[in-house]
Every structure is written in C-alpha cells, then in structure tokens.
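[1] based on what follows, work out the 3D shape:
(2 chains)
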Amino acid sequence: MSEYKTRVERKGRSLFRDGWVWLMAWRDARHNFSRLFLFTASLVTGIAAVVSLDALNNTIQNDIDANARRLLGADIVVKADNAIEEEITRTVDSLKLESMFSADMASMVLFRHNGQSRLIKLIGFSESFPLYGEVVTVPENVFDTIQSGTYAMLDESLASQYEVSSGDTIKLGTMDFVVVGVVQEIPGGGGILSTFTPSVYISYAALQKTGLIQFGSRVNYSLYLKGDNEEQIAASVEVLRPLARRYGHGIDDVAEQKEDLGRAFQSIYRFFSLLAFVALILGCMGVASSVHIYAREKRDEVAVLRCVGSSGWQAFNIYFIQIFLLGIFGSLIGALAGLGIQQAIPLLLRGVIPFEVGFSISWSSLLLGLFLGTLVSILFSVLPLVSVRFVPPLTVLRSESEPETTFSKTRFVVLTLIVIFPLAFAAFQTGSLLTGGAFFVGLLIALLLLAAVAGLLLKLVRKYFPSGASFIWRHALSNLFRPNNQTRLLMVTIGLGAFIISTLNVVEESMLNQVEFTGRENQSNTILFDIQPFQKDGVVNLMRDNGLPVNQVVPIVTCRLSEVNGRTIRELQADTTDRTRNWALTREYRVTYRDTLHHSEKLIDGEIQHRKNARDSVYVTISEGMHENLNVKIGDSLVFDVQGVPVKAYISGMRSVDWPKDPPNFIFVFPTGVLENAPQVYVTATHIADQQTANKFQRELVTAFPNVSLIDLRLILATVNSLFDKLGLLVRFLALFSIATGLIVLAGAVINSKFVRLKENVLLRTVGARTSQITRITLIEYAYLGLFSALTGMILSLAGGWLLAEFFFEITFAFDFVEMLFIAAGVMVLTVLIGWWNSREVIYTPPLQVLRKEAG
Amino acid sequence: MIVVPEGSMKRAFCVTIIGLLFMGASTAPQVIVFYGDSLTAGYGIDPDAAFPALVGKALESKGKEVKVVNAGLSGETSAGGLSRIDWVLRQPVDIFVLELGANDGLRGLPIEQTEKNLQAIIDKVRAKNPRVKIVIAGMMVPPNMGPDYSARFQKVFPELARRNDAALIPFLLQDVAGIESLNQADGIHPNVEGHRIVARNVLKVLEPLL
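    As a prediction, the model looks like this:
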C-alpha cells in the first residue's frame, strides 16, 4: 500500500494572532469539559499534595524560628559556674541588652508536712523571667509570686510524688518557704529533663538568704539576654562570645537553637519532600494519560479539521490552548486545596512536636503550586498532543489507520524536558542535587520494577488462564487484555499507591518492633540500676508487692582489658602499626554472665559462651562490630582485669545485638560459673502503667533502697509513641494522594473504553446475557484489576521494605500480615467502586438505544 | 569462681620467695589498700598521678617498704563499696584507707544508710585481719546541699573513726575543695596539682602508722 504524507506548506501564524484557533478551542471545549475533568483532577491532586507539603514545611520552619526563642527563653544565654563577672555585666549594659539571670544548684529539700527530704535542683530567678515564652503553672499565672517573698514552686512530678499541695511548707537551706503551686512547663527546661532531678523554683533574692551560696558551693549561673532586633543580637553575640570563652563560660544563642531544632526535623522534611515528589509524579502520569485519551478521542475531529484546511499546528494549538488554560485553572484549585489541607494538618500534629504549628498562609507555596501545575500541564500534555499534528485527513474515511510515528523536533525537546523535570524538582525539593538524583533514580527503579512485576503477573494470568472457570469469571479476566485497556499502566499507578502505603507500613512495623518499649503491654518503661547483690531479692520482692512485672534482672560486672592475644594493653598502645582502637583497649567494659541468649541477641558465628567445668577455659561471646574495633576473631584470647583479678577468656562466638531492644545489652557476655563472686550490681526493668503506682513504688524504693537509681522512661516513651501514631496517620493520609491519582487514571481508562464496552455489552445482551451477569462481569473485572494492582504493589513493597529495614535503618524486618491484607482489600474495593461508578451507564443502557444510535 | 591463671600465682609466689631471700630479716612490705571512689581512682587523670600512687612514692622515698593497692572505682557509693569489699579482701591488707561516701553525699542519700554501709565495710575488713590499721578519710559535701545535711554528713566520719579506733583524715580535700585552680573543669575532681595536696593530707595521718 502506498503511503503518503500530507505536507502542505502554509505560512505559520502566531498562536496569539490566530483568532480562529481560540474560537475553536472554546467551541470544542464547551462540550468536552467532562472529558477534561480527568486531566483537571490529576493536576489538582498532584498540585494539592505538593503545595500542602511545601506549605507545611514552611510553616514548621517559621515556627521553629519563633519557638527557638521560647524554648531558650532568651536571645542569648551565658552559662557560668561562678557568679557572672563584672566585665561581662558591664559589656551587656553597654550593648543595651535587656537581661535577667538565674542561679541553680543541687540541694536538699525537706518537706515539713511529712518530714521527708530529697535531692532537688534549686533554681533562683531574678525578676522578669522569662524574657520569652511563659511559665505554665497550676494555679495559673502564679510564677511571679515567688518574687514577693519566701515562696516556692515545685515541678509537677515532685509535688505529686511527695503529695505536696499549695500552702505546705518546705525547708531549703536555713529557711522555710511556702509552696504556691506547681510548674508544668518552663522555657529553657522542664519536661523530660525534670524526670531525672526535679526542680524547686524560688527568687534569686530568697536564694541568697538561704545560706546555700557560700565558699565551696557548686552553683551554676545563667545570664539571659534579650535584644531589640536581629542585627543587635548578632553583633552582641560577636562581642560576648570571646569574652565568655575567656572566662570559661558557655554561650548559647537563638541561631544555634534553631539549628538544633531544625536538625531534629530534618528527616521529617525529607520524608515529606519524598511524598510530595511521588504525588507530583503520579499527577504527571495522570495528566499524560488523560491527555493521551483526549487526543485519541479527538482524532476524528482533527481529521475533519485537516480536510477543511487547518494546519497540523493549528489543530495542535486548539487543544493546547484548552489544556493550558485548564491547567492554570486546575493548578489554582490544587494550590488552594493544598493550603486547605495544610491548615488541617496541624490539628493532626498537635502535641507531637514541642510547639504549636501556626495557621499562616504560605504564599510562596501557592506560587510554587501555580508554577509547577502550569509547567506540568504543558510538559506532559504536549507529548500526547503532538500526535494530533500528524493525523492524516484520510482518517475521516479510514477509521482504522494508525498514525505513523514521525520524528518531531517538538517531541524530542519535550521528551528531554520530561526527563529533566522530575530530576530538577526532586533536587529543588530536597535542596541537594545528590539527594534529588537519588529520589529520581529510586522512583525510576520503582516504576520499572512495578511495570515488570505487572507484566509478569499478566503473563502468568495468560499462561495459567482458568479455562475451567465459569463464563463470567473468564470473560471478566480476559477483559483485562482488551486492546487500549491500559491495564498495565493502571496496575503501575494503582500499584504505586499500594506500594507506598504498604512500604511505609512495613517500615513503620519494623521500627515499632524495634523500639519494643513503645508503651505496649508490659514493655519495660522503668529501669532500676545500681542494685547491690544483697538488695536484689528485696528489690524484686518490692516490685512483686506492687504488682509490677520483673522483666529482666541482669548482673553487671565492670572490668577492663589487660591483654589481647598475649600482648598487654601498653604494648598494643605503643605499637603504632597496630590497628586496634585505643578507646576500645582502655575503656571500662560492663559485662554480664548467662548461659543463654537474650531475646535481643542472635548468635551469628561460632558457639555461645560456655565453660564445661571448673577446669575448662572460659569462653565468652563478643558483639558484632566490636570485634573490628578490638581487631579480634573467634578463638582469640583476652585477659580481663576484673577489678584486680585477671581472668583469661577465649572468644567462642559472635552475637548480633539489637541494642535498643529490651536493654541492657552487652558487648561481652561471660558464661556462668566465672564472675559470680566478682563485684557486681544488678539492673532490672519493669512496666509501670500509671502515675499513682509509679509514685507509690518510687517512694517505697527510695525508703528501702536509697542507693538504687530509677529511670522513668514513661514520659519519653509516651511522647515517642504518640509521635509514631500521629506521623503514621499523617503519612497514610498523604499516601492516599497517590492512590487517589491512581484511581483518577483508572476512571480515565474506564471512560476511554466506554464505547467499546457499550458495543460489547449490547452484543452480550443480544446473545442473551442478563443485566446481573453484565454487572458481575464488570465488577469482577475491576476486582481482578484491583487485586493485581495491589499484588504488584505488595510484592514490591515487601522487597522494598526488607531492603530499607535491613540496609537503611538496620533493623529487623517485620510485617503485619493482617494490615497488608487490609490495604490490599482497600485498594480492591476502591478500584471496584470507581470502575463500577463509571460503568453504570454502560451497564444500564438498554441495548436498543445503542443499536439505534449505531444505525443512526 | 574466678580462674586465676596458675602462672601468675607461681610468679607471685616466686617474687615473694626471692624478696624474702634478698631482704633477709627486713620486714615484708606493708600492703596499703586505698578503697574508695573516683577520688582514689584518679578520675580524669593518670592513675599514677592520683594520691594513692603519690603517697606510695613519698613513703618509698623515705625508705618505707610499702605496696600500694588502688582499689578505687569511679561513681562508687557506700552501698556499692559494701558489696565489692569481699572481692578486694582476697589480698592481704595491713593498712586500709577507707575513702567512700562522697557520692552518697552528692546524691543526697540518707546519712544513716551511708554510716551503716561504711561500718559494715570496716567490720568485714576487721574480720579478715583483726590487726589491720584503718584510716578513714573525712569528707564534706558542698554547702549548697544545705546546713542540715552537710552537718550531719561530715559528722559521720569522726564518729566512725572514734567507734572503730581508726585514724582520721579530718577532711581529705582540705585546701583543695572549692579552689578552682586545684580542680578539674567539673569542679569536684582534683587535678594533678590538687592530688599532690590530697597526698600530703593523707601522709600526715598515714605516716605515723608505719
């Protein structure tokens, strides 16, 4: 068959002076808005995700700036262990900084109402504290009362433990103070820190009268400074820093505080950026796919236009104008929606981060969304639209003719830009070309793998086609292979959504599994240490009496190394060619003894620590990694100096240790029968559910075993827990964006195949199919599609989650089968719903109506 | 059970024999065990510069035959000292210098407990060797701990010395505590210079016992 090209050379007219094109764009669009709905929807979700995440990052950044001051309580703080020198105070005056100061020290408090005393941190404040932020007290706003005389306030935990109430008297130094209330939050401290040594607050004037400050007293002084503006603060820091250094004082300023806070949120930024990137890419795929469908539908119209004399470019321009204008519109909607979502997110995050996230509108994010949306709609629509230019007029007559693939400069340029765009965006989002590149490559690999897995699944289905199944099931399945059905694209997009959600799920599950403390039933949240051997039974009994579980009782022996493989530590230190690390040779080792593996340990090489009888050598195990620092291997000999007594041991095996899991964990573990008589202390851990039990237990412990120290991890664990919960919720919510985009693409595909389906259904009906059968076929088809997409995503996410857990987070891989099942079921249900919703017309149109239309 | 490699026992034995042969009638070196916390262990400095080693050197330079054992462990409280004492008493002791309690004081632990633990340690030492000479290092807490606590705390040591007929170093950190130039940056641990003064404080009491 002879092929020919229509290449009529016409004088090109500028897009902006070609009124006809604009008119045609409007006339055509009037009847096609519903078709372009898909395009708009993809763009809106993609842009909404980017804008909301970007705005959230901006808001957090702004709030960190604002809150850094509040957390520090000042612009600059000078910390000294003696009274602030006059030179410094003079300098501060000359810099015209507002100032106040505090002094703190360890001291004993005596509670008059019950005669008990306790070690506390006593802080005396000068007037006008704090310079920034506020002290949260119960009753409210009584903090200034301490300035008016011998009044004191206590940390909430201290007051509750010793049952102190307002009006009670406490003795500090030589003076009595009346308690006026408790402090819940205080700038520059409080919170988690207070669980170690609780604080008592009084005025500086009163502190001086207590007689606690005299020669030999160990007092820390803090000077809090506040400036009028950034320049003054920065200049003051320049002057004060060398001065403070000269006197050996520490100095903190707000800029450092900001950096510290920012660093803590770095990984959250990264994570949000990754999500934004994925959402945008999915949006791009949605745009490309919907424009592709649109361009295909317009082939006939374009052919007619070509017949009546329009040029290829004019045809292109008509649709380009539509897409471009709608793109701007969609971006605007998306950006506004994104800001709306961003406003809602702080509600989710409330209480997780140590400050309030504000409700400011981020204009830069709005502009970013508009710009990105327009760019995406141009870039990703030009490629499918370019084919419009090459539609031959002959298409009017020959509906089957495929447009030939023609080389086009436009197409080439656009393709190049399409490759560059995600890379540039990722680099912009993460602020680093390298990380951006990693994102991009990661996504590319994920997409390729998804496509591969999808292809493989489809191939398998074809190969093992259930020919024995009933007609409905077979027909529904074979529908997946209908031409132009975009099954694979759908599996990739929906699969990507499922992939992201379930990967996050897998990673989260593995991390939760790791932090075994996370407030789960009976997980240790309180650790007791420094228990002397003769106190062990007593402490355990006290725990039992209080109904507390005894999770672990471990002996700890402190020792040092004195020889490694027959060479003394001094020899090894002197040997410069030796690769052994000095700190590993000279440090104190805290070891334990037992004949079993703890559940945080795995034997990865050799044998477990053992000693068969009293005359056998001592075989110990070492933790993985430490063998490199000590440059030893299995079979090597070590001599431990157990507080004066040498103990020779051989390394029998190596353990991999999951350090954070159920501590304490150990570098060296001895067998039993060696160290039983050595000086040792015991550590034990328990789970305390409520504050009342904790108070009672701590009181009893301190009375019976005053030297035993207790670390209460409940507050920290509770914070970590809620952070995980809330972030997890947020992450899932945002990952829904990608599922939503996938579903939009699905809707597009369904609409695209509507006419083919109509015909098919009519045929099926004329040969006797009932509506219920057709409905079932449709539903089952989408169920298949959903199932395969979910499978594609799950398979990949298990692999991805395993890789992430094993190599990136270095934790044990774990997944919750039930949750995975829920995700898969969710994806399936959504797919079926969308598919069915868009096919209703197809299913319920009477056959005759279609046949008549066909005839007409 | 601890395995003491046979070699080292033999070596120790040989050293003793040879020592006896060469010294003839002269007395065997007296073993001074310094039993204490970070002050004894020489926290933050070389153990050779800590006061027990300095005391040993000073005595040797005066021709005294002594063997100094540094049994200090940083962070040790009186309760920890009580459970560790059996281990340390595996070796012979002629003079026992007890330097514990400072960590109890800094942690605000009940004073009766500290006193009881220190007494129990002395009892164990005496049970092992009834002729042992005991030196108690007096300690004080910084005044910021409050006059009630400080007063009761510093009374513990003279009281123990009186009851047990032991020698008393009135205050181990005399002329050192609170003086910035003699302490490390943390303000509580003496530096090398500070340890020299501490050694002098100890010598004053220890030397007459030899």
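[2] A:Leu764 against A:Ile774, yeah?
    Yes - using Cβ atoms under 8 Å, A:Leu764 makes contact with A:Ile774 at a distance of 6.2 Å. Every C-beta, even on glycine, is put in place using the N, C-alpha and C of the backbone.
[3] who has more neighbours, those two?
    A:Ile774 (21 against 17; other Cβ atoms under 10 Å in any protein chain shown).
[4] show me the strands in chain B, by range?
    B:30-36, B:66-72, B:95-99, B:133-137, B:167-169 (DSSP state E).
[5] okay, these in a markdown table with mean pLDDT and distance to chain A next?
    Converted to a markdown table, the strands of chain B look like this (pLDDT from 0 to 100; distance: least, Cβ to the nearest Cβ, whole Å):
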| stretch | mean pLDDT | distance to chain A |
| --- | --- | --- |
| strand B:30-36 | 93 | 10 |
| strand B:66-72 | 89 | 7 |
| strand B:95-99 | 96 | 15 |
| strand B:133-137 | 96 | 17 |
| strand B:167-169 | 96 | 18 |
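[6] among the ones you listed, which is the most enclosed?
    Ranked by mean neighbour count, those are led by strand B:95-99 with a mean of 26 (mean count of other Cβ atoms under 10 Å in any protein chain shown).
[7] what lies in contact with it?
    Strand B:95-99 is contacted from outside by B:30-37, B:39-40, B:52, B:72, B:118, B:121-122, B:125, B:132-137, B:139, B:166, B:172, B:202, B:206, B:209-210, using Cβ atoms under 8 Å, 6 or more residues apart in numbering or on different chains.
[8] A:Ser652 belongs to a strand?
    Yes - counting by DSSP: H, G, I helix; E, B strand; the rest coil, A:Ser652 is located in a strand.
[9] need the per-residue pLDDT for the residue of chain B found nearest chain A.
    With Cβ to the nearest Cβ as the measure, B:Gly108 is the residue of chain B nearest to chain A, at 3.1 Å. As predicted, B:Gly108 sits at a pLDDT of 88.
[10] for the closest residue to chain B within chain A, grab phi and psi.
    Proximity of chain A to chain B (Cβ to the nearest Cβ) peaks at A:Leu119, 3.1 Å away. When quoted as degrees, to the nearest 10, the phi and psi of A:Leu119 stand at phi -70, psi 130.
[11] skipping adjacent residues, who's closest to the residue most central in space within chain B in space?
    Centroid-nearest residue in chain B, with Cα atoms, centre = their mean: B:Phe34, separated by 3.0 Å. Excluding the flanking residues, the one nearest B:Phe34 by Cβ to Cβ, 6 or more residues apart in numbering or on different chains is B:Pro52, at 4.0 Å.
[12] contact partners for that neighbour?
    B:Ile32, B:Phe34, B:Thr40, B:Gly42, B:Val68, B:Asn70, B:Gly72, B:Val97.
[13] pretty sure A:Lys602 belongs to a helix, no?
    No - read with three-state DSSP, A:Lys602 is strand and lies in no helix.
[14] correct me if wrong: it contacts A:Arg655.
    Yes - counting by Cβ under 8 Å, A:Arg655 is a contact partner of A:Lys602 at 6.5 Å.
[15] looking at the two now, which is surrounded by more residues?
    A:Arg655 (26 against 14).
[16] and for the nearest residue to A:Asp54 once chain neighbours are set aside, the neighbour number?
    Leaving out its chain neighbours, the residue that sits closest to A:Asp54 by Cβ to Cβ, 6+ apart is A:Ser365, at 4.4 Å. Neighbourhood size, A:Ser365 [other Cβ under 10 Å]: 23.
[17] and A:Ser365, which of the three is it?
    Taking three-state DSSP, the label given to A:Ser365 is helix.
[18] that one reaches A:Gly338, doesn't it?
    Yes - applying Cβ under 8 Å as the test, A:Ser365 and A:Gly338 come out as touching, 7.1 Å apart.
[19] which neighbours do these two share?
    What both A:Ser365 and A:Gly338 touch, as defined by Cβ under 8 Å, 6+ apart, is the set A:Val51, A:Asp54, A:Ala55.
[20] what pLDDT does the model give the first one?
    The score at A:Val51 is 83. That number is its pLDDT.
[21] okay, now the unreliable bits of chain B?
    B:1-27 (pLDDT under 70).
[22] may I ask which helix or strand encompasses A:Leu110?
    strand A:98-111 (DSSP states H and E).
[23] coming back round to it: could the strands of chain B go into CSV alongside distance to A:Leu675?
    CSV is the format used below for the strands of chain B (distance: least, Cβ to Cβ, whole Å):
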stretch, distance to A:Leu675
strand B:30-36, 20
strand B:66-72, 17
strand B:95-99, 24
strand B:133-137, 29
strand B:167-169, 34
